[in-house]
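[1] one predicted model, sequence on top.
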Amino acid sequence: MGSFKENPAAKFSKSSTEVDLKKMTPMQRARYLAYEKPSKEVEMSVLSTRNRLKEEARALEAAPRLRQDAEQIRQAKVVGQLKAAEARNRVRVLRLRYQSLKSQEINHLITSQPTARDALRLQVFLPPHQDIRYPPDPLGHVERERVEAILMDDSGLTFKRTT
């Protein structure tokens, strides 16, 4: 009985034909066929199934790589944005340094003038720093509308002009 547990086909040592298999009970037939070599059709289907499973496993392994590639692309984009921001900041700092040095040089030229008149003249024609902002509008919104209405009035009804 010990050999039956190890190899159930040992009980049926002689080659069984289909007739012998039909005589067996379903449980005996199942035990016997479990240790028989499968037919070529079954072997081919098992082989194709294994190949399909291996391909699916490879595809699943490749999917994290794609996610990793997307993550690397995103990180590269963030790094590029950071580098661009740093470059803009460096350019801004250089521009501010240049403007500061230029302003200091002009102030030195103004203070080194022999007379106050020459210093004022140089300061008027060569301001120490550029004011990029446009001068503010001295007129308010209502005053601006009033001036425009007066200027647009050709018949002189709003304001009597003497010429």
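    Sure, I can see it.
[2] quick one: the helices in the protein?
    2-6, 18-23, 26-34, 40-111, 116-125, 141-152 (DSSP state H).
[3] so the fourth one versus helix 116-125, what angle?
    Note on geometry: by axes from the mean of the first three to the mean of the last three C-alpha atoms, to 10 degrees, helix 40-111 and helix 116-125 are set 150 degrees apart in direction.
[4] still on that earlier bit, among the helices of the chain, show the one with the smallest mean pLDDT.
    Per-segment mean pLDDT for the helices of the chain reaches its minimum on helix 2-6, at a mean of 51.
[5] count of neighbours near Leu21?
    Neighbours of Leu21 under the rule other C-beta atoms under 10 Å: 14. The C-beta positions use only the backbone N, C-alpha and C, and glycine is treated the same way.
[6] Glu36 versus that one, what's the distance?
    According to C-beta to C-beta, to the nearest Å, Leu21 stands 10 Å off from Glu36.
[7] hmm, back to that, make JSON lines out of the helices of the chain and add distance to Phe159.
    Shown next, in JSON lines, are the helices of the chain (distance: least, C-beta to C-beta, whole Å):
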{"stretch": "helix 2-6", "distance to Phe159": "122"}
{"stretch": "helix 18-23", "distance to Phe159": "123"}
{"stretch": "helix 26-34", "distance to Phe159": "115"}
{"stretch": "helix 40-111", "distance to Phe159": "45"}
{"stretch": "helix 116-125", "distance to Phe159": "36"}
{"stretch": "helix 141-152", "distance to Phe159": "5"}
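[8] quick one: closest of those to Thr158.
    Closest to Thr158 of the helices of the chain is helix 141-152 (C-beta to C-beta; 5.5 Å).
[9] who does the closest one touch, helix- and strand-wise?
    If you count contacts as 3 or more C-beta pairs under 8 Å, 6 or more residues apart in numbering; DSSP states H and E, helix 141-152 packs onto no helix or strand.
[10] residues in contact with that helix?
    With C-beta atoms under 8 Å, 6 or more residues apart in numbering as the test, helix 141-152 has contacts from 137, 139, 158-159.
[11] what is the nearest of the residues you listed to Val78?
    Nearest member of the contacts of helix 141-152 to Val78, counting by C-beta to C-beta, is Asp137, at 43.3 Å.
[12] what sits against that closest one?
    Counting by C-beta under 8 Å, 6+ apart, Asp137 touches Arg144.
[13] thank you, goodbye.
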